[in-house]
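Q: need a structure here:
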Amino acid sequence: MQRDLRTTPLYQEIERHFLRIHEPAFGKTSWAFDAQASPDGTRIAFTGSRWDKLEGTPNTRICVADVASGTFQEATAGPHDDRSPRWSPDSSRLAFLSDRAERHRTQLYLLEAGRMGEAVATPVVDHVVEYLSWSPDGERILLGVAGAGADLAGVEGSGRAGREDQAGAPPWLPTVDSTEATERWRRAWVYDVNARRVDPASREGLNVWEAAWCGQEDFSAIGSEGPAEDLWYVAVLALIDADTGKERVLYRSEHQLGLPAGSPSGGRLAVLEALCSDRWVVAGDIVLVDPATGAPTRVDTNGVDVTHQAWRDDDHLAYVGIRGLDTVFGEYDAATGAATDLWVTTESCGDLYPTFSVAGPDALATVVQGYERFAEVTLLQEVKPNRILALEHDGSRYLSEVAGRLERVAWSAPDGLEIQGFVAVPERPGPHPMVTMVHGGPVAAYTELWGMRSSLGSLLVSRGFAVFYPNPRGSSGRGQAFAAMVDGDMGGADVGDILSGIDALVQRGVADPARLGVAGGSYGGFMSTWITSRTDRFAAAAAISPVTDWYSQHFTSNIGFWDADFLQASPTEAGNAYFERSPVFSASKVRTPTLVTAGLLDQCTPPGQAVEFYRALVEQGVEAALVQYPHEGHGVRNFPAAIDLCTRVVGWFERFMPPGAPEA
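A: Below is the predicted model:
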């Protein structure tokens, strides 16, 4: 496999494919996320993505849509990235984050609602501001601040929160990790709007992963006694006085905690509790925690794995989540203890998992999307979706034409358990060569998103492949007991779930049994290297940012706690799951040609994982290729590296299982 593919016909075809998608929208907002309705219900602010050229990642701008007219304007102009708009409680101001002053060093800015475009910088906070929220009275803004060396979650691409290299510093300077590195910590800060002053609000020595107001004077925090990424898995829920920094631990869990939400008066506090693989990927149960006593009450949401929540008022908690393959909006009445479905849709909203914002007393704002529905800023009013703004363009219409159709599928696993998923099928007669795309996690889920949130998947369909998206045991949307089935059994029964789904699609005539491939990133990368040691039925495999050796993963990854917890074993003891479930130690059983890729900046599944498996396959005489991207982390996110990755993966599958008529 050659290093530079840019002059090859395949690379140029795929480059044209991406240009046809993005070029029609160059220079203007072409996607929306993080929709935030003004409390008076007249406007919806959102973060808009825009490409000016196909390099790097899209820039982001703060956009404001008028609910009555359905028109919008870009309220900011950068440079660099503006994101995370948040309205003041009286709708008069819009706070947002931007790195316009210094690349990668995000700070807080304010816009007057009637003077869009004239952002006012607030006092600079040391390091990087990651998120913000207004106090219920609008007098203070809570800020989550990360040191430049703080770890990013795997879902964010891994790496560091800010640029660690200093301007003018020599390129030979080393990177340094140590237990005393202060730039790795996260703290809560508070900006006083009237005094124009910003101060730390949590103590040194407490790493605050997330924080949210709980009344006017206190905020809740997910915190740990150290900044290492794997300590998030054992973080606790605390209540902190915003003036004194004094804290009380309210709740500890055997699982993970995320997305705390306090009622306006501070009388109620909700937190999500879930078995989680990654920080920020939380889908689970709502637990109400009494701010005075810490007493927990679990909320019955009628089978919904909740992914986002927010209080409408002191008694009503709105939420959204996944039930099966559906997206469900609901509301919990704390006075009566009843939870009610508000809207159920087969499509989704948000980005990876469903999100929303409260829009006054009786509406919610979100960005709805589906496999054939491009981003639509939407108000959910009186249990009905009201489209405010559609962003489709010639590029999105092109992709819709070539990405085939998406179908829901269900089948029985070898033990009789029903498993669900999706399959994207080209608009041509089958059976098709089929690539099974295994999601990350393992605690995550496929929902119906635009292009299934995968430029690679829709590209494969456009070139004649079917793409199978299974949600095996361990996936979200089926309750915590279903998610826990993978805990202690990674690469066990979930393998049977996937293989039986492939069997079902072969029997239906969707997939050609002689042309089956498997691919995935992160846990999907692990599965793409592991499943080929369980069966020789795959013609080709592509593993992106995989785990292949649990021993070295534990000691080189920034989430070593996670693998010990999910393997239910110790790397200091020989012969347990660390050995038995490591693909590299089963490489002698693999006969499938395998492409392995990695980002050299990845701290979540470090690049050595890909190197180990590649070399193990070479020793066994199996056809393999190793591709490492110098400026990428967990996954490949930047153009043109993303074109290169897609070219290599597509070329790999077209070589070993080409589309066309199946062999007689």
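Q: Okay, and the closest residue to residue 43 other than its chain neighbours sits in which element?
A: Closest residue to residue 43 in three dimensions, ignoring its sequence neighbours and counting by CB to CB, 6 or more residues apart in numbering: residue 64, at 5.4 Å. Backbone N, C-alpha and C define where each C-beta goes, glycine included. For residue 64, the enclosing helix or strand under DSSP states H and E is strand 59-66.
Q: helices and strands around the very next helix or strand once past that strand, which ones?
A: Sequence-wise, the next helix or strand downstream of strand 59-66 (DSSP H and E) is strand 72-74. Other elements packing on strand 72-74 under the criterion 3 or more CB pairs under 8 Å, 6 or more residues apart in numbering; DSSP states H and E are strand 59-66.
Q: Just the buried positions in the strand it packs on, please.
A: Of the residues in strand 59-66, those buried under the neighbour-count criterion (16 or more other CB atoms under 10 Å) are 59, 60, 61, 62, 63, 64, 65.
Q: Relative to residue 606, which of those residues is nearest.
A: In terms of CB to CB, no member of the buried residues of strand 59-66 lies closer to residue 606 than residue 60, at 28.6 Å.
Q: hang on, isn't that closest one packed against residue 34?
A: No - assessed by CB atoms under 8 Å, residue 60 is found out of contact with residue 34, at 9.4 Å.
Q: related to what we said a few turns ago, next, the residues that contact the strand holding residue 64 from outside, please.
A: 29, 32, 42-52, 71-78, 80-83, 85, 94, 96, 111, 116, 377, 388-389 (CB atoms under 8 Å, 6 or more residues apart in numbering).
Q: hey, where'd the strands end up in the stretch 1-150 of the chain?
A: Using DSSP state E, counting those that start in this stretch, the strands of the stretch 1-150 of the chain run over 29-37, 43-50, 59-66, 72-74, 82-87, 93-98, 107-112, 120-121, 128-134, 140-146.
Q: Just name the most buried of the ones you listed.
A: Neighbour counts averaged per stretch over the strands of the stretch 1-150 of the chain are highest for strand 43-50, at a mean of 26; criterion: mean count of other CB atoms under 10 Å.
Q: tell me the angle that one makes with strand 82-87.
A: Between strand 43-50 and strand 82-87, the angle formed by their directions is 180 degrees, by axes from the mean of the first three to the mean of the last three CA atoms, to 10 degrees.
Q: Next, the angle from strand 43-50 to strand 59-66.
A: With the same axes, to 10 degrees as the criterion, the two stretches strand 43-50 and strand 59-66 enclose an angle of 150 degrees.
Q: So which residues make contact with strand 43-50?
A: In this structure, residues lying in contact with strand 43-50 by CB under 8 Å, 6+ apart are 25, 27-38, 58-67, 74-75, 82-85, 87, 91, 94, 113, 359, 365, 367, 377, 379, 388-389.
Q: Report the angle between that strand and strand 29-37.
A: Our comparison of strand 43-50 with strand 29-37, counting by the same axes, to 10 degrees, yields an angle of 150 degrees.
Q: Could I have the CA atoms of strand 43-50 written out in CSV?
A: Once side chains and other backbone atoms are set aside, the C-alpha atoms of strand 43-50 remain, and they are given as CSV (Å, rounded to 0.1, in the frame of the first residue of the first chain):
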residue,chain,number,x,y,z
ARG,A,43,-35.6,32.9,19.1
ILE,A,44,-33.4,29.7,18.9
ALA,A,45,-29.7,30.1,19.0
PHE,A,46,-27.5,27.2,17.8
THR,A,47,-24.0,26.4,16.8
GLY,A,48,-23.7,26.4,13.1
SER,A,49,-21.0,24.6,11.1
ARG,A,50,-19.6,26.1,7.9
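Q: Now do the same for that strand: mean pLDDT, whole number.
A: For strand 43-50, the per-residue pLDDT values average out at 97.
Q: Name the strands paired with it and say parallel or antiparallel.
A: Here the strand partners of strand 43-50, with direction, are listed using DSSP bridges: strand 29-37 (antiparallel), strand 59-66 (antiparallel).
Q: out of these, which comes closest to residue 297?
A: Ranking the strands paired with strand 43-50 by distance to residue 297, with CB to CB as the measure, places strand 29-37 first at 28.6 Å.
Q: by how many degrees do that closest one and strand 93-98 diverge?
A: Between the axis of strand 29-37 and that of strand 93-98 there is an angle of 130 degrees, by the same axes, to 10 degrees.
Q: now could you export just the CA positions of strand 29-37 as PDB?
A: What follows is the C-alpha trace of strand 29-37 in PDB, where atoms were taken according to Å, rounded to 0.1, in the frame of the first residue of the first chain:
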ATOM      1  CA  THR A  29     -23.900  27.700   7.600                       C
ATOM      2  CA  SER A  30     -24.600  24.100   6.500                       C
ATOM      3  CA  TRP A  31     -25.300  22.200   9.800                       C
ATOM      4  CA  ALA A  32     -26.800  23.000  13.200                       C
ATOM      5  CA  PHE A  33     -26.400  21.500  16.700                       C
ATOM      6  CA  ASP A  34     -26.800  22.500  20.300                       C
ATOM      7  CA  ALA A  35     -30.100  24.400  19.700                       C
ATOM      8  CA  GLN A  36     -30.900  26.700  22.600                       C
ATOM      9  CA  ALA A  37     -34.300  28.500  22.800                       C
END
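Q: any idea of the mean pLDDT in it?
A: Strand 29-37 carries an average pLDDT of 96.
Q: chain center to it, what's the gap?
A: Remark: strand 29-37 is offset 16 Å from the chain centroid, using CA atoms, centre = their mean, to the nearest Å.
Q: residues contacting the residue nearest to residue 291 when sequence neighbours are not counted?
A: Distance criterion CB to CB, 6+ apart; nearest residue to residue 291, sequence neighbours excluded, is residue 269 at 4.9 Å. Contact criterion CB under 8 Å, 6+ apart gives 214, 220, 237, 239, 250, 260-263, 288-291 as the residues in contact with residue 269.
Q: Output these as CSV; include the columns neighbour count.
A: Rendered in CSV, the data for the contacts of residue 269 read as follows (neighbours: other CB atoms under 10 Å):
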residue, neighbour count
214, 29
220, 26
237, 25
239, 24
250, 23
260, 25
261, 22
262, 24
263, 23
288, 19
289, 24
290, 14
291, 21
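Q: Now distance to residue 321 too, for the residues you listed, in TSV please.
A: Formatted as TSV, the entries for the contacts of residue 269 read as follows, by distance: CB to CB, whole Å:
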residue	distance to residue 321
214	22
220	20
237	19
239	25
250	23
260	16
261	14
262	19
263	20
288	16
289	19
290	23
291	24
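Q: Of those, just say which sits nearest to residue 20.
A: Residue 20 has its nearest neighbour among those in residue 261, at 41.6 Å by CB to CB.
Q: from memory that closest one sits against residue 318, does it?
A: No - counting by CB under 8 Å, residue 261 does not reach residue 318; the two are 9.6 Å apart.
Q: Quickly list what's touching both of those two.
A: 309, 310, 311.
Q: mind giving me a markdown table with these and columns for distance to residue 463?
A: Rendered in a markdown table, the data for the shared contacts of residue 261 and residue 318 read as follows (distance: CB to CB, whole Å):
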| residue | distance to residue 463 |
| --- | --- |
| 309 | 41 |
| 310 | 42 |
| 311 | 47 |
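Q: closest to residue 325 among these?
A: For residue 325, the closest of those turns out to be residue 309, at 20.9 Å, with distances computed as CB to CB.
Q: got the phi/psi numbers for the closest one?
A: With angles defined as degrees, to the nearest 10, residue 309 sits at phi -150, psi 150.
Q: Equivalent analysis for residue 600, please.
A: Its backbone dihedrals place residue 600 at phi -70, psi -10, with angles given as degrees, to the nearest 10.
Q: Now do the helices in this structure.
A: Counting by DSSP state H, one finds helices in the chain at the ranges 9-22, 394-402, 455-462, 480-483, 493-507, 523-530, 550-556, 560-567, 577-580, 608-619, 641-656.
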